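Peer 1: predicted model, plus sequence, below.
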Amino acid sequence: MTLQLGTDNREEEFLMNCKVTTVIKWFEDVDSKNNVTRQSTTMFLLVPEDSSQRTLFLDTWLPSYEEETYEVVGLLLSPINKPCRFGVRNKNKDYPSEHHLIMMTVDAEDEVRRMIDAGRDTIKVAILPSSKEEKFDV
């Protein structure tokens, strides 16, 4: 099957190299005594590198609005080799320079953190067809 721009290709697999970056997001938490604490969380973002697969993937999965997120399941390939759930996001206030994927699977985030600590910042990702999502518990 030939993928064509403008068609619904959600049953196709997309293989992309992605640059891993982190963004620290701050938020305020209010406890039961109305004490406000400021806390942060580290978001792991994967930015697909320019390729025909990236173009086809974004044409298929990129949301129409900045605040909207579509969820997809994929595999983080070597050296991690784990399934992961991703949120597909437009450029936005958290990462205004490029469209990106947000990692949504905590144990995969831990593996990516170790990969970054070891000096690697690029990983190959396979986004799976939407019909295969149920086979993975992520």
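Peer 2: Great, that's in hand. Residues are numbered from 1 along each chain as shown.

Peer 1: what stretches of this structure score poorly on pLDDT?
Peer 2: Across the chain, the ranges flagged by pLDDT under 70 are 1-8.

Peer 1: center of this protein - which residue?
Peer 2: Geometric centre of the chain, nearest residue: L101, 2.5 Å, by C-alpha atoms, centre = their mean.

Peer 1: bridging residues for it?
Peer 2: L46, V88 (DSSP bridges).

Peer 1: in contact with it, which residues?
Peer 2: 18, 45-48, 72, 86-89, 125 (C-beta atoms under 8 Å, 6 or more residues apart in numbering). Placement of C-beta: from N, CA and C, glycine included.

Peer 1: nearest residue to S78 in space, please, no chain neighbours.
Peer 2: Distance criterion C-beta to C-beta, 6 or more residues apart in numbering; nearest residue to S78, sequence neighbours excluded, is K124 at 7.2 Å.

Peer 1: from what I see, the one you found and N81 are in contact.
Peer 2: No. When contacts are counted by C-beta atoms under 8 Å, K124 is not listed as touching N81 (10.5 Å).

Peer 1: identify the bridge partners of T21.
Peer 2: Beta-bridge partners for T21, by DSSP bridges, are L45.

Peer 1: tell me how far it lies from V47.
Peer 2: Using C-beta to C-beta, to the nearest Å, T21 is found at 6 Å from V47.
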